[in-house]
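Visitor: Okay, here's the prediction I keep looking at, along with the sequence it came from:
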Amino acid sequence: MDKAGNSELVEKTEALENASANLYSTSGAEPGRKQLSELADQVGLSSFIGRIGFAGQNSSGTFFVQFVVETVDRTDVYASSWPGWAFELAKAALLRNIKRVWVLSNGDPSGDNLSYVLLLAD
C-alpha cells in the first residue's frame, strides 16, 4: 500500500476509535456491534463477517490468511498477507474453531486494508 493509502487508513481508524470511545449497548447478545458497524460506515470503512479458511507463514516470515465471507447469494474468498497483529487473531480464531470473525477495512478485507479484526462468540 502506498503512503497515501496508509495514511487514509490511519485517519479512518482513528476516526472510528474516537467515535466509538463511549460505545455501549443494552443488548447482551452482541454489545455494540450495530453501533460500531454504523460508525465504521460513517468514516468510510467496510464491514465483513466471515471465517478463517487458513492462516500460515512462509519461510521469509510473511503471514498469509484466507478470509471467507458467505452470503445468501455467494461466497467471497480473500487470501492475502496480513500484518502480524491481525494474523495472530486469525490464527487464534482458527485454532479455537471460532466461526465468525468481524473485519473492518478500507476496501476489501485483506492485507494492509485491515483496520479492526474482532472475534465473535458463536
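Guide: Thanks, I have the structure now. Residues are numbered from 1 along each chain as shown.

Visitor: Would you mind finding the longest strand in the protein?
Guide: Using DSSP state E, we find that the single longest strand of the chain is strand 46-57.

Visitor: Quick one: classify the residue nearest the centre of the chain as helix, strand or coil.
Guide: Nearest to the mean C-alpha position of the chain, by C-alpha atoms, centre = their mean, lies V103 at 1.9 Å. The three-state label given to V103 by DSSP: H, G, I helix; E, B strand; the rest coil is strand.

Visitor: What's the first helix or strand after the helix or strand of the chain with the lowest mean pLDDT?
Guide: Ranking every helix and strand in the chain by mean pLDDT, DSSP states H and E puts helix 3-19 at the bottom, with a mean of 73. The C-terminal neighbour of helix 3-19 among helices and strands, as given by DSSP states H and E, is helix 33-43.

Visitor: What residues sit buried inside that following helix?
Guide: For helix 33-43, burial by neighbour count (16 or more other C-beta atoms under 10 Å) applies to 33, 36, 39-40, 43. Backbone N, C-alpha and C define where each C-beta goes, glycine included.

Visitor: nearest to G56, of those?
Guide: A40 (27.8 Å; C-beta to C-beta).

Visitor: I'd like to know which elements the least confident helix or strand of the chain is packed against.
Guide: Other elements packing on helix 3-19 under the criterion 3 or more C-beta pairs under 8 Å, 6 or more residues apart in numbering; DSSP states H and E are helix 33-43, strand 114-120.

Visitor: worst average pLDDT in the ones you listed?
Guide: Confidence, taken as mean pLDDT, is least for helix 33-43 of the helices and strands packed on helix 3-19 (a mean of 79).

Visitor: what's the neighbour count on K91?
Guide: 18 (other C-beta atoms under 10 Å).

Visitor: cool, the one 3 residues further on as well?
Guide: Summarising burial for L94: neighbours were counted as other C-beta under 10 Å, giving 18.

Visitor: and if you look at E14?
Guide: For E14, the neighbour count with other C-beta under 10 Å is 12.

Visitor: same thing with the one 3 residues further on?
Guide: Residues lying near E17 (other C-beta under 10 Å) number 13.

Visitor: likewise T75?
Guide: So T75, with other C-beta under 10 Å, has 9 neighbours.
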